[in-house]
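# Just to be clear, the model below is a prediction. Sequence and coordinates:
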Amino acid sequence: MTDNSNPKKCNCKNHGSNHESQCQVNHSKSNSEHLCGCHHHAEHNYHHGCGCHHEQVENPQTDLGFSLFFEGEINATPEAVWNHLTDNEYLSKWKSDMRMIDCKPGGSFKVTRNGQAHHLMLTDVEEGHLLAYLWKNDDMVLTIEPGEKDTTLFTFEYWFADREEANAEDVAPWIINLYELEHFIVHNELMDTKDLPKALMAEVNNLIKEQKSRETL
């Protein structure tokens, strides 16, 4: 993804052999963006609360959670990306531990991690455009739309219901999935992600710390 700002170097480590070894970060007063050569970047949402712009309610709780946003471009058509996310014929080829049970609001999506099966409820589905899941007590929303020259622009929002319990372990695996998805569609082979989790965990942890620090000001 092209960035027209004047980025500064950050101290993020290697993103793996398939990716740039250094990241570029553009810090501004209103947000914090991570931009790397993998065509994925993270935008830190500083909106107080969940970022969903709910109407104001009386006597709100002080801990309303917060959102992190990750935006980028996948070198594949939206149709291919959607099929590889929702159609088990495609999904099983690049992610054998995931299975779509029923792709509709109220449906479910099965994920197996460390031998344990998790069933995520789909809270919203817009064919070819949006998938929203309930993961534990948190919300995840992935939107896709056509980019230039048969590419796909995506936005991945992760909303932490409890800001004190927010941790990178819940977020990083889903971001890695997007790297794996793009690699498989482009190269028709599984991606070696052994070096990717450590770098992403550090990056997401920094975003979480920044959000918590800003919320306490």
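Here it is on my side, so go on.

# what's the weakest-modelled helix or strand in this structure?
Sorting the helices and strands of the chain by mean pLDDT, DSSP states H and E puts strand 24-27 at the bottom, at a mean of 30.

# All the strands of this structure, residue numbers only.
Along the chain, counting by DSSP state E, strands occupy 8-9, 24-27, 32-35, 40-44, 66-74, 98-100, 108-113, 116-126, 130-135, 138-146, 152-160.

# Give me the number of neighbouring residues for the closest residue to K136 other than its chain neighbours.
Leaving aside its chain neighbours, K136 sits nearest to D170 (7.0 Å; criterion: Cβ to Cβ, 6 or more residues apart in numbering). Every residue, glycine included, has its C-beta placed from N, CA and C. D170 is flanked by 17 other residues according to other Cβ atoms under 10 Å.

# can you list the weak-confidence ranges in the protein?
1-63, 215-217 (pLDDT under 70).

# can you rerun that using 90?
1-64, 114, 195, 198-199, 211-217 (pLDDT under 90).

# if we can go back for a sec, looking at the strands of the chain, spot the one closest to I176.
For the strands of the chain, proximity to I176 was assessed by Cβ to Cβ; strand 40-44 is nearest, at 10.4 Å.

# Could I get the strands of the chain in a markdown table, plus columns for mean neighbour count and distance to K212?
Putting the strands of the chain into a markdown table (neighbours: other Cβ atoms under 10 Å; distance: least, Cβ to Cβ, whole Å) gives the following:
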| stretch | mean neighbour count | distance to K212 |
| --- | --- | --- |
| strand 8-9 | 9 | 22 |
| strand 24-27 | 17 | 17 |
| strand 32-35 | 21 | 13 |
| strand 40-44 | 22 | 11 |
| strand 66-74 | 22 | 8 |
| strand 98-100 | 17 | 30 |
| strand 108-113 | 15 | 25 |
| strand 116-126 | 14 | 25 |
| strand 130-135 | 18 | 20 |
| strand 138-146 | 17 | 15 |
| strand 152-160 | 21 | 10 |
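
# mind checking which of the ones you listed is nearest E182?
Of all these, the one in closest proximity to E182, counting by Cβ to Cβ, is strand 66-74 (4.6 Å).

# Now do the closest one: which elements does it pack against?
Secondary-structure packing of strand 66-74 (3 or more Cβ pairs under 8 Å, 6 or more residues apart in numbering; DSSP states H and E): strand 40-44, strand 152-160, helix 168-187, helix 196-215.
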